[in-house]
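# my questions concern the predicted model and sequence given below.
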Amino acid sequence: MSAIVEPTRHKLSIDEYERLFAAGVLPGDSRVELIEGDLIDMPPIGTGHASVSIRLNRLLVRRAGDDALVSVTNPLRLPPWSMPQPDFLLLEPRADDYASALPSARNVLLAIEVADSSLRLDRTTKARVYASHGLHEYWVVEVGERRLHRHRDPVAAEGRYASVQSFDAPFTISASRLPRVSLSSEEIWS
């Protein structure tokens, strides 16, 4: 009698994921992210998400100045199983502007996701991934509800944040590691 073997999920590593792009299996313009070894198709960006992102981009660049680099929808290496593309990363300045290597968790001062149809993924799975890699602060901007969720103080071993707060408009919030980066709900949703 043979043993019963249950099928298992094959998780993709970051290296395998990058090879799929290099081989053309995944087109370069794919809206796909590697999250916990799974390929996640991201939903199309609607007008609300686009509008909030445009405003945030302008505000973040102005407020961060030379204190941080603002990275927009670029990959973040979280080995071995995740390579998300957050809407915004505020990164430690580096002379080469990350030309020699993609940023990792230790370079991130603040990660921001703009959530419309991706709210559940952003508040659960991505929050767990970011916390487990020690991202100090993570915001989710909830477009339709005009709400911001701030996650701080990661408990990496448990994949969670010790502090999670939600702010309904009107609010003003500052990044803990970048106090000059202060945003109000009126600016985000003007």
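Alright, I've got the coordinates. Being a predicted model, the structure only gives us computed values, none of them experimental.

# Arg150 versus Glu186, what's the distance?
18 Å (Cβ to Cβ, to the nearest Å). No exception for glycine: its C-beta is placed from N, CA and C like everyone else's.

# between the two, point out the one with more neighbours.
The neighbour comparison of Glu186 against Arg150 (other Cβ atoms under 10 Å) goes to Arg150, with 20 against 12.

# can you tell me the helix or strand for the more buried one?
Under DSSP states H and E, the secondary-structure element containing Arg150 is strand 147-155.

# which is the next helix or strand following that strand?
Once strand 147-155 ends, the next helix or strand along the chain (criterion: DSSP H and E) is strand 160-168.

# tell me what angle that following strand forms with strand 147-155.
Computed by axes from the mean of the first three to the mean of the last three Cα atoms, to 10 degrees, the angle separating strand 160-168 from strand 147-155 equals 160 degrees.

# which parts of the very next helix or strand once past strand 160-168 are buried?
With elements assigned by DSSP H and E, the helix or strand that comes after strand 160-168 is strand 172-175. Residues of strand 172-175 classed as buried by neighbour count (16 or more other Cβ atoms under 10 Å): Ile173, Ala175.

# perfect, I'm done here.
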